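In: Quick one: sequence and predicted model below, then my questions.
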Amino acid sequence: MKAIYSILLTIGISCVSFSQSSKLASADRKYDKYSYIDAIEIYEKVAEKGHKSSELFKKLGNSYYFNGELDKAAKWYGDLFALNEEVEPEYYFRYSQALKANNVYDKANEYLELFYKKSNDSRGKAYEANKDYLNDIEALSWKYSMDKTSINSEYSDYGPSYFGNQLLFTSARKEGALHNKVHKWTMQNFTDLYVVTINEDKTLGTPTNFSETINSKFNESSPVFTNDGKTMYFTRNNYLDGKKGKDGDKSTLVKIYKASLVDNKWDNIEEVPFNSDNYSTAHPSLSADNKYMYFASDMPGGFGKSDIYKVSINSDGSFGSPENLGNTVNTEGRETFPFIAYDSTLYFASDGHLGLGGLDIFESKSASNSFQEPLNLGKPINSSMDDFAFIVRKDKTGFFTSNRDGGSGYDDIYSLKVCTQKLFGVVTDIDTNEILPYASLKLLDENQKELAAATADEFGKYSFDIECNTKYYLRASKEEYETNEKSITSNKESGETELNMELKRNVFPVSEGTDLAKIFDISIIYFDLDKWNIRPDAAKDLQKIVEVMKQYPKMQVDIRSHTDSRQTHAYNERLSERRAKSTLEFMVKNGIERERLTAKGYGETQLVNGCSDGVSCSEAEHQKNRRSEFIVIKMD
């Protein structure tokens, strides 16, 4: 990031003054005021004349580093370490980041290892715990595609934000600017907010200046709007009502401001109460319900250069006390540009978590009022340079900012699209294959958190838009059917994934003459040869009949028992009668009133196949005839 550091949180840089010459003294003054471009010009002239010192190389490296030109910082940090002098551990980390910007990852990791050994810093510990992090990032580099946008200029363009069907963004461009005022830190115009229409085909219209009341002669950035569109929060230099505030070092930091839409004009601009002249607050983002604001700050008590905080917004518009998101999200480095998505996922930029170089974009899922370990979004969203200000909508499209090579100028805005799949299928009856229209379906993530719900259409069809290479659970339910749930992991590329759902009926329409054994797909009640005792498998099936009769307390059932053709007719008649009575007694014993049951044995008079006397049949064929039926003879 080359221009954004005017409103990023880089306050608190330490420097030791020294007096070598009037030129160095002049450069130091500019450096102390964050006028890095002017300081670089003087420092490099001194270095070209052969002057070497750790302080000179530190400040040259820092000037490029904090102005987002990490690839150029690498030269001067390299010269610093070539002096073989003792330096603060932080410089090992910065040199590693600068080497990454030049894609020199092996050497960058060597300096991360040295950083770990020389410090007790979570960034070094994270590397030591996962030296294979680059492969991990590569494994995640399938989820997004990206493209350039038409709104970029030769100047710094960054920080997109949605406002209905419009996109707001920050720009240092001259065309359309309300004031022609150059920022000494960046040598570009102070930034204004611009607005552009998002067309139905996702192309962008022509940018125009957003507001004469919001944009001032200083920097504005990072707007966010409430759901009703009547309130906005944004970042601005410490400037309100014509007065510029300064900290103890006479530097103008940045603050979050609030504005209201009155008569179609943004007015009533005021600070949020947790601002301070002595530290920065910036880059607000609102939760989907507008009850919380997330923002970045270097306020006292944090973990690093800048941390991410959240603060509650009360129903009367007042605020609670800011809460640091803790060391799962925040590090000793920089965490900034938070964005809280529609599903409560936190996206943010960080140089403290393991990444590809500069600021990388991370996501952290919300779980039980906290956030999980952040995951690097991988390529192509992240690069070896600064990547930040990520936003995404429910349609899986969004934008982010980067100062990678190949852009139009300094920081540029890119569009993004999440790799998606269409999950589709049909809901049917597991036993009859009958299509089940209007079944209810719920899509859940791997933690069983509901993501979406749908209803199958009249043909039993459903569909969900899901992300690629992600594990999901699909739960289907319908009245009179048992709920069924299946898991599936989607493919890595955009396309379609089919998952059909089968449901088992547990409540059935029953009428007189119905054979419960058939209608409920209950296995035939089998008996061993020449036996009438209830087998364990038969007992399990009989229990289903019992439960059905308990659901219909006025139902009466006739139990009909049958045998195969072996043995004599008389023998089979007696055997089937015993089986019928045995079945009746089992059901009475298990809670069915005796008067609701009748039982009769039919012997071999009603065979279900051709296995009669004198016909050769297998044991399996004979067993089909040894069965019981449960005929409903009365319902009420």
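Out: Cool, the structure landed.
In: When you work out contacts or count neighbours from here on, use the C-alpha atoms and nothing else.
Out: Will do.
In: the helices in the stretch 51-200 of the chain, which residues?
Out: 54-66, 70-82, 89-101, 105-118, 122-129, 133-139 (DSSP state H, counting those that start in this stretch).
In: Kindly report the same for the stretch 501-636 of the chain.
Out: According to DSSP H, counting those that start in this stretch, the stretch 501-636 of the chain carries its helices in the segments 516-519, 536-551, 569-589, 619-625.
In: Could you dump those into JSON lines and include mean pLDDT, mean neighbour count and distance to Ile435?
Out: JSON lines is the format used below for these (pLDDT from 0 to 100; neighbours: other Cα atoms under 10 Å; distance: least, Cα to Cα, whole Å):
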{"stretch": "helix 516-519", "mean pLDDT": "81", "mean neighbour count": "16", "distance to Ile435": "17"}
{"stretch": "helix 536-551", "mean pLDDT": "85", "mean neighbour count": "16", "distance to Ile435": "24"}
{"stretch": "helix 569-589", "mean pLDDT": "91", "mean neighbour count": "19", "distance to Ile435": "34"}
{"stretch": "helix 619-625", "mean pLDDT": "86", "mean neighbour count": "16", "distance to Ile435": "30"}
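In: Redo those helices as JSON lines? Include distance to Ser141.
Out: Formatted as JSON lines, the helices of the stretch 501-636 of the chain follow (distance: least, Cα to Cα, whole Å):
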{"stretch": "helix 516-519", "distance to Ser141": "52"}
{"stretch": "helix 536-551", "distance to Ser141": "52"}
{"stretch": "helix 569-589", "distance to Ser141": "62"}
{"stretch": "helix 619-625", "distance to Ser141": "57"}
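In: The ones you listed: which one's closest to Asn447?
Out: Set against Asn447 and scored by Cα to Cα, the helices of the stretch 501-636 of the chain come closest in helix 536-551, at 33.9 Å.
In: counting contacts, what elements does the closest one pack onto?
Out: With contacts defined as 3 or more Cα pairs under 8 Å, 6 or more residues apart in numbering; DSSP states H and E, helix 536-551 has these neighbours: helix 569-589.
In: Tell me which other helices or strands the helix it packs on touches.
Out: helix 536-551, strand 556-562, strand 597-601.
In: between these, which gets nearest to Lys181?
Out: helix 536-551 (81.6 Å).
In: Roughly how far does the closest residue to Asn590 other than its chain neighbours sit from Asp106?
Out: Excluding its sequence neighbours, the residue lying closest to Asn590 (Cα to Cα, 6 or more residues apart in numbering) is Val546, at 7.2 Å. Computed as Cα to Cα, to the nearest Å, the Val546 to Asp106 distance reads 72 Å.
In: And for Gly358?
Out: Distance, Gly358 to Asp106, using Cα to Cα: 16 Å.
In: higher neighbour count, the two?
Out: Gly358 (31 against 12; other Cα atoms under 10 Å).
In: helix/strand/coil for that one?
Out: Secondary structure, DSSP: H, G, I helix; E, B strand; the rest coil: Gly358 is coil.
In: Strands of the stretch 201-350 of the chain, residue ranges please.
Out: Along the stretch 201-350 of the chain, counting by DSSP state E, counting those that start in this stretch, strands occupy 208-209, 220-225, 231-237, 239-240, 243-244, 254-262, 265-271, 281-286, 292-297, 307-312, 323-324, 335-340, 346-350.
In: OK, contacts around the nearest residue to Ala101 once chain neighbours are set aside?
Out: Nearest in space to Ala101, with sequence neighbours left out and distances taken as Cα to Cα, 6+ apart, is Ser384 at 4.5 Å. Counting by Cα atoms under 8 Å, 6 or more residues apart in numbering, Ser384 touches Lys100, Ala101, Asn102, Asn103, Leu356, Gly357, Gly358, Arg404.
In: Show me which of those residues is closest to Tyr602.
Out: Set against Tyr602, the nearest of the contacts of Ser384 by Cα to Cα is Leu356 (80.7 Å).
In: Show the backbone phi and psi for that closest one.
Out: Leu356 adopts backbone torsions of phi -90, psi -10, taken as degrees, to the nearest 10.
In: I'd like to know how many residues surround Leu240.
Out: Leu240, neighbours per other Cα under 10 Å, totals 14.
In: where does it land on pLDDT?
Out: Leu240 carries a pLDDT value of 81.
In: and it, bridged to which residues?
Out: Beta-bridge partners recorded for Leu240 (DSSP bridges): Lys243.
In: Can you give me the pLDDT of Lys49?
Out: We have a pLDDT of 87 for Lys49.
In: Run a quick neighbour tally on it.
Out: Using other Cα under 10 Å, Lys49 has 8 other residues around it.
In: and among the helices of the stretch 51-200 of the chain, the most buried is which?
Out: Among those, ranked by average contacts under mean count of other Cα atoms under 10 Å, first place goes to helix 89-101 (a mean of 25).
In: by contact count, what packs against it?
Out: On a contact count with 3+ Cα pairs under 8 Å, 6+ apart, helix 89-101 meets helix 70-82, helix 105-118.
In: Met293: which of these is closest?
Out: Of all those, helix 70-82 comes closest under Cα to Cα, at 31.0 Å.
In: what's next to the closest one, contact-wise?
Out: Here helix 70-82 makes contact (Cα under 8 Å, 6+ apart) with 53-54, 57-58, 60-65, 91, 95, 97-99, 101-102, 358, 385.
In: what inclination does it have with respect to helix 89-101?
Out: Interaxial angle, helix 70-82 versus helix 89-101 (axes from the mean of the first three to the mean of the last three Cα atoms, to 10 degrees): 130 degrees.
In: With that, I have no additional questions.
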